[in-house]
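J.: have a look; sequence and predicted model below, questions after that.
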Amino acid sequence: MTWLDLPESTGFGITNLPYGVFVTDSSAAPRTGVAIGDQVLDLAGLTGDPVHATGSLNAFLAQGPESWAALRSMIAAWLTDPAHRERVTPHLLPMDSVTLRMPFEVADYVDFYSSRDHAENLGRMFRPGSPALTPNWKHLPIGYHGRSGTVQVSGTPVTRPQGQYLADGTPAFGPSRRLDIEAEVGFVVGVPSVLGTPVPVHDFSSYVFGVCLVNDWSARDLQAWEYVPLGPFLGKSFLTSVSPWVVPLAALSEARVKPPVRDEPLLPYLDDSDAPWGLDLSLEVRLNGEVVSRPPFRGMYWTAAQQLAHLTVNGASLRTGDLFASGTVSGPARDERGSLIELSWDGAEPLELPDGTTRTFLQDGDEITITATAPAADGSHLSFGHVTGTIRPTALP
Ligand SMILES: O=C(O)/C=C/C(=O)CC(=O)CC(=O)O
Ligand SMILES: [Ca+2]
Ligand SMILES: [Mg+2]
């Protein structure tokens with residue numbers, strides 16, 4: 001029990017304690033905070049530790065699992081033992097009085113493709129006449145390297161990208177006409193690995209610090225024209241949005257579930273039978289405030305532990321701040337799809353919104369917000385906060 005007065009059914013209870021970076025009106029110096037209820041605990045102010053005053057979580061993430069666990073249990077003690085109340089209280093700020101910044105400096109950014117339903121849906125739409133899943137899909141977690149410099153915090157405006165697309169079979173240029181979302185879950189690396197040495201699937205929690213929400217904005221018309229044979233490029237590199245709070249893996253013990261049964265035997269380096277990192281996260285996607293989808297994360301075919309093992313199996317090393325995302329989270333039902341291209345079935349089945357309008361792809365002015373919850377240790381639910389973005393018209397030079 002905490003001595004704080006927490007709002008009822010807050011997703012930021014004592015079992016969550018996610019980390020972020022914030023500034024206030026009175027202090028422009030960005031520093032590390034922990035969300036608790038509707039407040040932010042100023043760790044730089046409370047601890048005086050310069051690691052929390054750098055303006056990004058990276059230095060703390062680099063310290064590794066023992067430091068992460070030690071600080072987490074200290075924060076829990078500060079917020080539960082009334083003996084600390086007087087010392088801690090001056091460092092609690094109302095959440096609505098702070099501005100949340102990008103929580104970590106993104107080193108490398110990788111995006112996977114691990115929802116079977118999403119991969120089958122996209123396969124049917126992008127490659128009609130071919131099998132929905134490519135022959136490699138059940139043997140390795142497919143991914144591509146993205147653009148870390150355009151990963152930005154929630155709230156960053158989404159400028160409609162322009163580029164090349166096919167119009168009636170002819171290359172044309174202009175603002176994307178098929179701007180889309182991808183509701184995803186991101187994993188943040190804390191501890192670097194050694195070049196040339198793979199990270200085994202069961203070492204996942206020795207390297208990965210925590211989890212955030214990701215919206216991998218996608219221009220489907222640019223993507224469809226450019227992606228063969230090297231994969232997504234400008235269709236996805238214009239912006240990727242992440243939530244400001246990073247939920248530590250340590251908060252997710254109650255959310256761990258067995259991943260789905262795999263149809264094909266896995267090569268030993270991907271065998272996760274002793275490292276089941278399925279996670280029971282429930283996502284929600286809102287368009288202009290209305291829920292348009294509830295993607296279930298627990299059914300993802302490949303787990304983050306397997307993705308990490310795969311992305312390092314060739315000897316590629318990890319750096320503090322590496323971000324790898326799950327890929328679009330889609331479930332089997334129509335209202336569980338994590339992208340508009342799936343929800344509107346390539347534009348053929350427009351979504352009907354409560355305000356009487358319909359959508360295939362995003363219009364200028366549309367606002368997309370993704371949230372997620374997970375089961376918490378005390379029987380409640382913990383929140384991942386949200387990642388939001390509003391579409392702005394193409395910027396013309
Ligand atoms: O199937 C394709 O060619 C393309 C798939 C995607 O656009 C999805 C992607 O970025 C990976 C993912 O989010 O699952
Ligand atoms: Ca994606
Ligand atoms: Mg992107």
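T.: Here it is on my side, so go on. Ligands and ions are numbered 1, 2, ... in the order given.

J.: C-alpha from now on. contacts and neighbour counts both.
T.: OK.

J.: for Thr89, phi and psi?
T.: Backbone dihedrals for Thr89, given as degrees, to the nearest 10, come out at phi -50, psi -40.

J.: low-scoring pLDDT stretches of the stretch 251-397 of the chain, where are they?
T.: For the stretch 251-397 of the chain, the stretches with pLDDT under 70 are 397.

J.: which bits of it sit near ligand 1?
T.: On the criterion CA under 6 Å from any ligand atom, ligand 1 has as its neighbours in the stretch 251-397 of the chain the residues Gly327, Thr328.

J.: what about the strands in the stretch 251-397 of the chain?
T.: Assignment of strands within the stretch 251-397 of the chain using DSSP state E, counting those that start in this stretch yields the ranges 256-257, 278-279, 282-287, 290-293, 323-325, 351-352, 358-359, 367-375, 381-392.

J.: which neighbouring elements make contact with the second one?
T.: Same thing as strand 278-279. Judged by 3 or more CA pairs under 8 Å, 6 or more residues apart in numbering; DSSP states H and E, strand 278-279 is in contact with strand 256-257.

J.: could you say which of the strands of the stretch 251-397 of the chain is packed most deeply?
T.: Taking mean count of other CA atoms under 10 Å as the contact definition, the stretch among the strands of the stretch 251-397 of the chain with the greatest mean neighbour count is strand 323-325, which reaches a mean of 26.

J.: can you list contacts of that one?
T.: Contacts to strand 323-325, defined as CA atoms under 8 Å, 6 or more residues apart in numbering, come from residues 106-112, 184-189, 214.

J.: swap the cut-off to 6 Å and go again
T.: Outside of strand 323-325, the residues that reach it under the criterion CA atoms under 6 Å, 6 or more residues apart in numbering are Tyr109, Val110, Asp111, Phe112, Val185, Gly186, Phe187, Val188.

J.: regarding this structure, what is its longest helix?
T.: With DSSP state H setting the assignment, residue counts place helix 65-80 as the longest helix in the chain.

J.: and the closest residue to Ala316 other than its chain neighbours, how many neighbours?
T.: Spatial nearest neighbour of Ala316, excluding adjacent residues (CA to CA, 6 or more residues apart in numbering): Leu195 at 5.8 Å. The number of residues packed around Leu195, counting by other CA atoms under 10 Å, is 13.

J.: mind checking the SS state of Leu195?
T.: Of the three states, Leu195 takes coil under DSSP: H, G, I helix; E, B strand; the rest coil.

J.: any idea how far it lies from Thr99?
T.: Counting by CA to CA, to the nearest Å, the gap between Leu195 and Thr99 amounts to 37 Å.

J.: Ser56 now?
T.: Following CA to CA, the distance that separates Ser56 from Thr99 is 14 Å.

J.: looking at these two, which has the bigger crowd around it?
T.: Ser56 (23 against 14).

J.: so that one, which of the three states?
T.: State at Ser56, reduced to three classes by three-state DSSP: coil.

J.: which helix or strand contains the closest residue in space to it that isn't next to it in sequence?
T.: Taking CA to CA, 6+ apart as the measure, Ser56 lies nearest to Phe104, with 4.8 Å between them; neighbours along the chain are not counted. Using DSSP states H and E, Phe104 falls within no helix or strand.

J.: contacts only, for Phe104.
T.: The neighbourhood of Phe104, defined by CA under 6 Å, 6+ apart, consists of Ser56, Leu57, Asn58.

J.: try 8 Å
T.: The neighbours of Phe104, taking CA under 8 Å, 6+ apart as the test, are Val21, Ser56, Leu57, Asn58, Gly321.

J.: repeat that for Asn121.
T.: The contact partners of Asn121, by CA under 8 Å, 6+ apart, come to Ala132, Glu342.

J.: for it, give its distance to Ile341.
T.: Using CA to CA, we find Asn121 at a distance of 9 Å from Ile341.

J.: ditto for Thr328
T.: For Thr328, the distance to Ile341 under the criterion CA to CA works out to 11 Å.
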